[in-house]
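Visitor: Quick check, what structure comes out for this input:
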Amino acid sequence: MDEREGKGISIRPPGLKIMLVVFGVGVILGASALWVWQASQERPRPVTIPRALESFSPGVVAYFVIPGDETPLLRQLWQGKPPAESVGSIAFFLVNHETEGFLALYARDPHLGCFVQWQKASERFYNPCHGETYTKAGQCMFGPCPRSLDRFVLELREGDLIVHLDRLMPGPPRLEPGQGTPTPAVPGPPR
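Guide: Numbering: from 1, shown residues only. Predicted coordinates for the structure are as follows:
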C-alpha cells in the first residue's frame, strides 16, 4: 500500500490523465476542422468576366446564375432570418449603365427575397411577387421595396471584371424624385 493513500491523497492511474489530454486535443482539432470546412463552404468565390470592357457595351444588361450556396448572403441581408429559401445558386444582373458604369445587382429584391426580372421593353427590373419596379441602375421606383437592389462589389483587373460574390452591399436608400443617384462600384469604359 502506498504511504500517500493513508493521508487523503488519491492515486489515479497515469493513463487517465493522458487520455483526458488526448481527448481534449481531439475535440479542439475536430471543432477547428469543422469551422474551417464550414467557412470554406459559406464563402462564394469571386467570378471573373473576361474582357468585360470590350464585351459589354453601354446599356447592356446580362443575367448570370452561378452555382453556389447563397444562404450566407441571405443571412447577411436579413440579419440571420432570411425570408427566402436558397436555391443552390447565386443570380445577379451585370449592368453596363450608360451613366453609372458597371453594376452587379443581386437578382433578389430586398423586400421579401423574390427574384426580379429584367423587362427590356421598359428598361426596368420588375418583381412579379409584389410589383416593385427598379430602374436599370437598381434604384427603387415603385412598390414596397425598403431600399434599392443590393449590389456585389466589383473590381476591374487588366480588362477583366471581378464580381465578388462574397461581398454584397445593401442597396442604397430608396430614392425620392429629385434625389441624386448612387455612384457605381466600377466605372464603365470611356465613352
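Visitor: List of residues touching stretch 150-160?
Guide: Under the criterion Cβ atoms under 8 Å, 6 or more residues apart in numbering, residues 46, 48-54, 77, 92, 102-106, 108, 110, 138, 161-165, 167-171, 184-186 lie in contact with stretch 150-160. Any C-beta I mention is one placed from the backbone N, CA and C, and that applies to glycine too.
Visitor: In the sheet, which residues pair with M169? Tell me.
Guide: R151 (DSSP bridges).
Visitor: ok, it - contacts?
Guide: D150, R151, F152, V153.
Visitor: Where do the helices of the chain begin and end?
Guide: 14-42, 52-55, 71-77 (DSSP state H).
Visitor: and the shortest one, what's its mean pLDDT?
Guide: Averaging pLDDT along helix 52-55 yields 76.
Visitor: again with the last one
Guide: Mean pLDDT, helix 71-77: 65.
Visitor: Numbering from 333 from now on, please.
Guide: Shifting the count to begin at 333 puts that one at helix 403-409.
Visitor: Any regions of this protein where pLDDT drops low?
Guide: Residues of the chain that meet the criterion pLDDT under 70 lie in 333-346, 348, 354-355, 357-359, 362-376, 402-420, 507-523.
Visitor: 50 - rerun?
Guide: 512-523 (pLDDT under 50).
Visitor: Roughly how far does D482 sit from M351?
Guide: D482 sits 51 Å away from M351, going by Cβ to Cβ, to the nearest Å.
Visitor: Drop anything exposed from the contacts of stretch 482-492.
Guide: The neighbour-count criterion (16 or more other Cβ atoms under 10 Å) marks 378, 381, 384-385, 409, 424, 434-438, 440, 442, 470, 493-497, 499-500, 503, 516-518 among the contacts of stretch 482-492 as buried.
Visitor: Tell me who's in contact with P460.
Guide: Here P460 is in contact with C446, Q449 (Cβ under 8 Å, 6+ apart).
Visitor: Quick check: the gap between it and P382.
Guide: P460 sits 32 Å away from P382, going by Cβ to Cβ.
Visitor: C472 now?
Guide: C472 is 32 Å from P382, by Cβ to Cβ.
Visitor: cool, and P476?
Guide: 38 Å.
Visitor: Just the terminal-to-terminal distance for stretch 441-454.
Guide: Using Cα to Cα, to the nearest Å, the end-to-end distance of stretch 441-454 comes to 18 Å.
Visitor: Next: stretch 433-443.
Guide: 25 Å.
Visitor: again with stretch 453-465
Guide: With Cα to Cα, one end of stretch 453-465 sits 14 Å from the other.
Visitor: Give me the buried positions along it.
Guide: For stretch 453-465, the neighbour count (16+ other Cβ under 10 Å) marks R456, F457, Y458, N459, E464, T465 as buried.
Visitor: pretty sure P390 contacts E430?
Guide: Yes - using Cβ atoms under 8 Å, P390 makes contact with E430 at a distance of 4.9 Å.
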